[in-house]
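Visitor: Quick one, what's the 3D model for this:
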Amino acid sequence: MPEINIGAPVGALVDWLTANFGPLFSAISAVMLFLLDIVLVILTAPSPYIVIAVFVVLALLERKWGFGVFTLLAFLLILFMGLWTEAMQTLAVVVVATAFAVAIGQVTSSRVRSDFNNELAAAVDNLSDRVVLAGLRTSP
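Guide: Numbering: from 1, shown residues only. Predicted coordinates for the structure are as follows:
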């Protein structure tokens, strides 16, 4: 079986991206770290029991009581295993990444929708011009 070495081309691509877009990546990183710090402070500043209560109430509002009980037990397990800070760090990353993904999706979908509507309007105008012209012909 032939060996495929993708390490060298990918490494070259990463080096090129870093060299040409380094300031952009640094800016994105700074914004992400700032947002991560804010979310982490929100999740870790109050007592873990308050955070657990908030998530349990949110779970009860969203689903049936079983989901609320599961949420309570899961967060208590995390707390009693001594993994509260690590879990909140992970949750902060998920929250910030989700916010970025939703923002990028909104921008992208609105642009795609706008382009589609413009193309559709042009096609309808073109088609209506052809239909009118064909209807005006009385004899060949």
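
Visitor: Which neighbouring elements make contact with the helix or strand harbouring residue 18?
Guide: Using DSSP states H and E, residue 18 maps to helix 7-44. Judged by 3 or more C-beta pairs under 8 Å, 6 or more residues apart in numbering; DSSP states H and E, the packing partners of helix 7-44 are helix 84-136. From N, CA and C alone the C-beta is placed, and that goes for glycine too.

Visitor: excluding its backbone neighbours, what's nearest residue 35?
Guide: Once flanking residues are discounted, residue 35 sits nearest to residue 96: 4.8 Å by C-beta to C-beta, 6 or more residues apart in numbering.

Visitor: Over to residue 85?
Guide: Residue 85 sits nearest to residue 44 (C-beta to C-beta, 6+ apart), 6.5 Å away.

Visitor: coming back round to it: so the helix holding residue 18 versus helix 84-136, what angle?
Guide: Put simply, helix 7-44 runs at 110 degrees to helix 84-136, going by axes from the mean of the first three to the mean of the last three C-alpha atoms, to 10 degrees.
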